[in-house]
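# below: sequence and its predicted model.
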Amino acid sequence: MPLPSDNSGRGWRLRPGQLAAGLGLLLLSTLPAHASGACQWDEPWPEAPPTHLLHADDPLAQALVDEWEEGANFACSARLVTLGCGTGCVSGAIYDVATQAWQPLGFAVHRDLHQEAPMLRFVTQSRELLVKGTLNEEEAVRRLYRWDGQRLAADDSSLSD
């Protein structure tokens, strides 16, 4: 399979951010279970979303209802939904079927100038959420969060710039 090319005739070249994005996802998916916040949940995904979110007047709750059939995409038993909040901005919420916890992320993350990597990176088999961008238009961060089944908490000790 040929590698991506910049069409300059000098071979292939990664664009800024591609290597970092790929390494971040690789890191989340290959760390040992005890280091990656790995999880396990063997129950089937419920057929219907929780009734208290079905009719909630909340765009994030509606996004969860709209995506319900897709199943878990975070922390084994949770669905992380996102909504755009402007150009290069995303907010979100987590619903965990195992604990029935519903938590908005509590922040919006904005894409930094020239940032091509996703602002939120996560995988189904991990309780970790990597955030890269500007939080609430105030603080540029690269921060790891961990989901404990009830709430999302920052783990600033795990990353360094």
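Perfect, thanks for sending it.
# okay, now residue 53: neighbour count?
17 (other C-beta atoms under 10 Å). C-beta: built from backbone N, CA, C; applies to glycine.
# cool, residue 104 as well?
So residue 104, with other C-beta under 10 Å, has 14 neighbours.
# again, but for residue 149
For residue 149, using other C-beta under 10 Å, the count is 16.
# got it, and the one 3 residues further on?
The local packing count at residue 152 equals 23, with neighbours defined by other C-beta under 10 Å.
# what's the closest residue in space to it that isn't next to it in sequence in contact with, if anything?
Nearest residue to residue 152, sequence neighbours excluded (C-beta to C-beta, 6 or more residues apart in numbering): residue 145, at 4.9 Å. Under the criterion of C-beta atoms under 8 Å, 6 or more residues apart in numbering, the neighbours of residue 145 are 128-131, 152-155.
# list the buried residues in the host helix or strand of residue 145.
Remark: residue 145 resides in strand 139-147, with elements defined by DSSP states H and E. For strand 139-147, burial by neighbour count (16 or more other C-beta atoms under 10 Å) applies to 141, 143-147.
# show me what it pairs with in its sheet, parallel or antiparallel.
strand 128-135 (antiparallel), strand 152-154 (antiparallel) (DSSP bridges).
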